[in-house]
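S.K.: the following comprises the amino acid sequence and a computationally predicted model.
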Amino acid sequence: MAPKIGVLALQGAVAEHERALRSSGAEVRKVRRPAELDDLDGLVVPGGESTAMARLAAPVQLMPAIRRRLDEGMAVFGTCAGLILAADTVSDAEALVGFDRIGGLGVVVRRNAYGSQLHSFEDDLEVTGLDSPLPAVFIRAPVIEDVTSPRVEVLAEAGGRPVAVRQGRILAASFHPELTPDFRLHKLFTELSAQ
Ligand SMILES: NC(=O)CC[C@H](N)C(=O)O
């Protein structure tokens, strides 16, 4: 049976993820409230603006609900802003203070840390588990400054920094895998969700 995968649809790149997941064989739905998480095998937390998503999620307590479902075995794929929401620690968290995030991924991230000249850039990444380089688009991407859990596996690096990681049922990338026509990371996540 096709795994059921949600896309957090508060803000950000939602339709592109839906398309990538559908073409990977998943049954896909948008998620805006906790009850919509109930029977999901996986959830994509898209790129966009982490502060806006955390604020929009607060009135219905969606972030703690996602964390509960993660603890129950739902897989989570955080991309860019979604990585910021999944990280255990955000080193420049001022704009997020007072707002729940998901957490659970043992990394330290810094928002917008690739610097103004490198606001947005593209790279071809060697990714563990993929047999040829993956094109990756970085847009005001967070930097993974540190890995704090031995359970975190670094799947890809750019410029000597991790840019794709996995810890158990959490997959995360600092780039936007939905913006290139190569959907192999979505396929990997669809397979992880089905396990
Ligand atoms: N493309 C993105 O998701 C950018 C992330 C954004 N800079 C943030 O802090 O949330």
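M.R.: It's in.
S.K.: and the contacts of the worst-scoring helix or strand of the chain on mean pLDDT?
M.R.: The helix or strand of the chain with the poorest confidence is strand 120-125; it has a mean of 93 (mean pLDDT, DSSP states H and E). With contact meaning Cβ atoms under 8 Å, 6 or more residues apart in numbering, strand 120-125 is reached by 114, 133-140, 156-158, 163-164, 175. For the C-beta atoms, the positions are set from N, CA and C on the backbone; glycine is no exception.
S.K.: rerun at 10 Å
M.R.: Under the contact criterion Cβ atoms under 10 Å, 6 or more residues apart in numbering, strand 120-125 has outside partners 114, 132-141, 155-159, 163-164, 173, 175-177, 179-180, 185.
S.K.: now, which of the residues you listed lie within strands?
M.R.: 134-139, 155-158, 163-164, 173 (DSSP state E).
S.K.: quick check: of the residues you listed, which lies closest to residue 195?
M.R.: For these, the residue nearest residue 195 by Cβ to Cβ is residue 155; the value is 16.4 Å.
S.K.: residues near that closest one, how many?
M.R.: Neighbourhood size, residue 155 [other Cβ atoms under 10 Å]: 22.
S.K.: just the pLDDT for it.
M.R.: If you check residue 155, the pLDDT there is 98.
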